[in-house]
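J.: pasting the sequence and the predicted model now:
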Amino acid sequence: MFKRQALFLAALLTILIGASSATTAFAQMKDNNEVRFTVRLENISSPDGQTASNGSKWPFALSPGMWVIHDQEVRLFREGNPAINGLEAQAEDGNPGDLIKSLDSYHGGGMRHGIFNTPVGVNGPAPIGPGQAYEFSFTAKPGMKFSMITMFGQSNDWFYAPVAQGIELFDHGKALSGEITKEFMLFDAGTEINEEPGIGPNQAPRQKAPNTGATENAKVKRAKKSPFFTKTTSLFRVTIMPDNVMSQTR
Ligand SMILES: [Ca+2]
Ligand SMILES: [Ca+2]
């Protein structure tokens with residue numbers, strides 16, 4: 001009788017403790033198989049907008065972008081080096097197409113990539129303004145790293161990305177799960193001279209055509225001088241969720 005009670009208690013504890021970590025347990029169980037992840041990039045900036053030095057208000061927005069996963073290192077840029085082919089169009093015009101083409105010449109390491117360009121609940125490609133989000137999914141196996149890029153919409157050549165070597169998707173076989181916003185930083189691609197965010201005439205919402213603005217000829221670096229550099233977690237949120245047991249066995 002005692003033994004049965006103890007077993008019951010143990011089972012109950014497992015359920016209580018295990019309820020919130022079901023995804024982790026599943027990922028461990030399926031160590032040699034792939035896990036499907038869904039990433040959500042959400043613009044949580046104020047709907048009232050940001051205030052420029054001339055007093056005008058402008059909405060913080062993020063552009064279409066791309067994601068990549070890789071067995072080894074995900075290297076979309078290197079701080080202190082010029083932007084690779086395709087990074088300019090992504091950083092200046094929110095166009096990930098050239099960057100994807102550039103990656104297509106590397107097939108090693110089990111690399112996979114894709115773009116995200118259509119906000120949730122919207123019919124076609126567009127930036128995400130306050131309250132909007134992008135979502136995308138991919139499958140990855142233990143050992144893989146993840147990176148993604150999105151443009152700071154009302155800048156000349158600024159983009160958000162995690163550290164250049166990418167984010168580990170697994171920790172000892174456990175799938176990464178939850179908010180990862182703090183992994184993201186604001187970078188300057190070094191391809192176009194900066195104007196004040198939100199009002200510069202050569203920024204995407206105002207320029208006459210893509211790739212318009214004074215050439216910078218600089219290296220990729222963190223946009224540390226911008227007041228937006230430290231504001232990341234109040235502007236957008238990135239969460240990553242591995243599929244749970246229910247959706248895997250459906
Ligand atoms: Ca620049
Ligand atoms: Ca421009």
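T.: Done, it's in. Ligands and ions are numbered 1, 2, ... in the order given.
J.: state the helix or strand in which the residue most central in space within the chain lies.
T.: Nearest to the geometric centre of the chain sits Met148, at 4.3 Å (Cα atoms, centre = their mean). Assigned by DSSP states H and E, Met148 belongs to strand 145-152.
J.: for Ile100, same thing?
T.: helix 97-103.
J.: any buried residues in that helix, and which?
T.: Judged by neighbour count (16 or more other Cβ atoms under 10 Å), helix 97-103 contains these buried residues: Asp98, Leu99, Ile100, Ser102, Leu103. Just so you know, the C-beta spots here come from the backbone N, C-alpha and C atoms, and that holds for glycine as well.
J.: nearest to ligand 2 among those residues?
T.: Asp98 (14.9 Å; Cβ to the ion).
J.: how near is that closest one to Gly65?
T.: Between Asp98 and Gly65 the computed distance is 12 Å (Cβ to Cβ, to the nearest Å).
J.: what touches both of the two?
T.: With contacts defined as Cβ atoms under 8 Å, 6 or more residues apart in numbering, the residues shared by Asp98 and Gly65 are Gln90.
J.: could you point out which element follows the strand holding Met148?
T.: Next element after strand 145-152 (DSSP H and E): strand 158-162.
J.: okay, now the sheet partners of that following strand, with direction.
T.: strand 145-152 (antiparallel), strand 184-188 (antiparallel) (DSSP bridges).
J.: so for Gln203, which of the ones you listed sits nearest?
T.: Nearest to Gln203, of all the strands paired with strand 158-162, is strand 145-152, at 9.5 Å by Cβ to Cβ.
J.: for the closest residue to Gly200 other than its chain neighbours, which residues are in contact?
T.: Closest residue in space to Gly200, ignoring its immediate chain neighbours: Asn156 at 6.2 Å, by Cβ to Cβ, 6 or more residues apart in numbering. Contacts for Asn156 (Cβ under 8 Å, 6+ apart) come out as Glu92, Glu192, Ile193, Asn194, Glu195, Gly200, Asn202, Gln203, Gly213.
J.: now do the helix or strand containing the first one: distance to the chain's middle.
T.: I take that to be Glu92. Here Glu92 sits within helix 87-93, counting by DSSP H and E. Distance, stretch centre to chain centre, for helix 87-93: 15 Å (Cα atoms, centre = their mean, to the nearest Å).
J.: near ligand 1, anything from that helix?
T.: No - figure legend: helix 87-93 not in contact with ligand 1 (Cβ under 5 Å from the ion); closest approach 8.2 Å.
J.: coming back round to it: so which of the strands paired with strand 158-162 comes closest to ligand 2?
T.: strand 145-152 (10.6 Å).
J.: okay, that closest one in CSV with CA atoms only?
T.: What follows is strand 145-152, C-alpha atoms only, in CSV (Å, rounded to 0.1, in the frame of the first residue of the first chain):
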residue,chain,number,x,y,z
LYS,A,145,23.0,27.3,-34.6
PHE,A,146,20.4,29.9,-35.6
SER,A,147,20.6,33.4,-36.8
MET,A,148,18.3,35.9,-38.4
ILE,A,149,18.4,39.5,-39.7
THR,A,150,15.8,42.2,-39.8
MET,A,151,16.3,45.9,-40.7
PHE,A,152,15.6,48.8,-38.4
